[in-house]
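Q: let me see the structure of the following:
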Amino acid sequence: MNLTWYETLNKPAFTPPASVFAPAWAILYIFIFISFVIFLVTKTNEDKTQGIALFLAQLIFNMLWSPVFFYWKNMSLSLVIIVLLLSFLLATIISFFKISKIAALLLIPYFLWVCFAAYLNYGFMIMN
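A: Take a look at the predicted model:
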C-alpha cells in the first residue's frame, strides 16, 4: 500500500489512523471466512448457487478497491467499485439470510465497515 501518497491527502472527518485498517480488516476477513463456511455447510434444500456467486462477486470488488485507490490513485473509480461492492454485499447478506441467519449476521460488521470506507472514499475524492 502506498502510504506515502495517502499521508499527503486531506482527510475527511473521522478518518482513523492508518494503523487501524490492518487489524480491522483482519478481524473482518475472519468473520467473512466463517460466514462463508457456515453458509456452505448449512444443510438445506435451497439452491446455494446464487449466494456463492454473489459472495464471489463482492469479493472481487473487495480485491479491486485497494489497487485502484492506492496504486492507480483513482478515487472516482474506487468510489464506483465500493458502491458495487456494497450492492453485491447487501445482496449476499440477503441471500445468505435465506440459508443461515448466522452467516448473514456475520457479514453485517463488514457491510458497516465498507459503508464507512465509502464515506471516506467520497471524502477523499471531494477534498483532494
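
Q: and the strands in this protein?
A: Applying DSSP state E to the chain gives no strands.

Q: ranges for the helices of it?
A: 3-7, 21-41, 49-66, 75-99, 101-105, 108-127 (DSSP state H).

Q: reformat these as TSV; add mean pLDDT, mean neighbour count and distance to Ala13.
A: C-beta: built from backbone N, CA, C; applies to glycine. Below are the helices of the chain laid out as TSV (pLDDT from 0 to 100; neighbours: other CB atoms under 10 Å; distance: least, CB to CB, whole Å):
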stretch	mean pLDDT	mean neighbour count	distance to Ala13
helix 3-7	85	10	17
helix 21-41	98	15	17
helix 49-66	98	17	21
helix 75-99	98	19	17
helix 101-105	98	17	29
helix 108-127	98	16	8
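
Q: contacting residues around the residue most central in space within the chain?
A: Centroid-nearest residue in the chain, with CA atoms, centre = their mean: Val114, separated by 4.6 Å. With contact set as CB atoms under 8 Å, 6 or more residues apart in numbering, Val114 has these partners: 82, 85-86, 89.
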